[in-house]
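**Student:** coords below, sequence missing:
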C-alpha cells in the first residue's frame with residue numbers, strides 16, 4: 001500500500017513538473033512568436049484599412065527604388081509573399097500579376113514584395129526566365145512586411161516571412177483594400193475589381 005502511495009505521489013510530482021515546464025516553454029515560445037510577428041490575425045490586417053500606409057523603401061533588381069512618396073499619384077498593389085521559397089503558387093501569382101495589362105499601366109504599380117536576397121533572384125531567373133518579368137521589390141530585413149502587419153497571418157507558413165497577402169494603396173497613400181489568402185490562389189481578378197473601386 002505504501003509502495004502504491006509513493007508511486008502515485010511520484011507520478012503526481014512529475015506531472016506537475018511537466019505541466020509547469022510546459023507552461024514556461026509555451027510562454028517563452030509565444031513571446032518569440034510575437035516578436036517574429038506570428039499569431040497576428042486578419043483583424044489586425046484589416047485594422048490598417050483607411051489609414052496612411054507606413055513608410056517603406058523597396059529596391060528591384062535594377063536598383064530602382066520605390067517609396068510611399070515616389071508612388072504617390074498612382075494606385076499601388078503590394079503583393080507580400082514568400083518569394084522563391086513558394087513554388088509554384090507565389091511564382092505563378094507574381095508572373096500573373098506582372099502580365100495582366102489591366103493592372104499594369106501608367107496609373108498603377110504592382111510590386112511583388114519578397115524578403116529574398118537579390119543574388120538568389122538572379123540565379124532563379126537563370127533557371128526560370130519567366131521570373132524576369134516580375135516587378136519584384138526586395139524588403140530587406142522584412143521591415144516593411146512587419147510594418148504592414150503581414151507576418152504571421154493565416155497564409156504565412158514560416159516565421160518572419162509573409163505568406164500570400166495583398167495590400168492596395170490609393171493615389172494619396174491610403175490603404176484601401178487588404179486580402180490574405182491562405183489557399184494561395186490566383187487573385188488577379190479580385191485585385192482588378194478592388195483597384196476599380198478606388199479613384
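**Tutor:** Okay, I see it. Note that the structure is predicted; figures quoted are calculated from it, not measured.
**Student:** Closest to the centroid, which residue in this structure?
**Tutor:** Nearest to the geometric centre of the chain sits residue 162, at 2.2 Å (Cα atoms, centre = their mean).
**Student:** helix/strand/coil for the residue nearest to that residue when sequence neighbours are not counted?
**Tutor:** Using Cβ to Cβ, 6 or more residues apart in numbering and skipping residues adjacent in sequence, the residue nearest residue 162 is residue 80, 3.6 Å away. No exception for glycine: its C-beta is placed from N, CA and C like everyone else's. In terms of secondary structure, residue 80 is strand; the call rests on DSSP: H, G, I helix; E, B strand; the rest coil.
**Student:** Contact partners for residue 80?
**Tutor:** With contacts defined as Cβ atoms under 8 Å, 6 or more residues apart in numbering, the neighbours of residue 80 are 113, 139, 145, 148, 150, 162-167.
**Student:** Between these, which sits nearest residue 125?
**Tutor:** Out of these, the one with the shortest distance to residue 125 is residue 113. That distance is 17.3 Å, counting by Cβ to Cβ.
**Student:** distance between the ends of stretch 50-57?
**Tutor:** The straight-line separation of the ends of stretch 50-57 (Cα to Cα, to the nearest Å) is 21 Å.
**Student:** What residues sit buried inside it?
**Tutor:** 53, 56-57 (16 or more other Cβ atoms under 10 Å).
**Student:** Let me see the mean pLDDT of that stretch.
**Tutor:** Per-region confidence: stretch 50-57 scores 96 on mean pLDDT.
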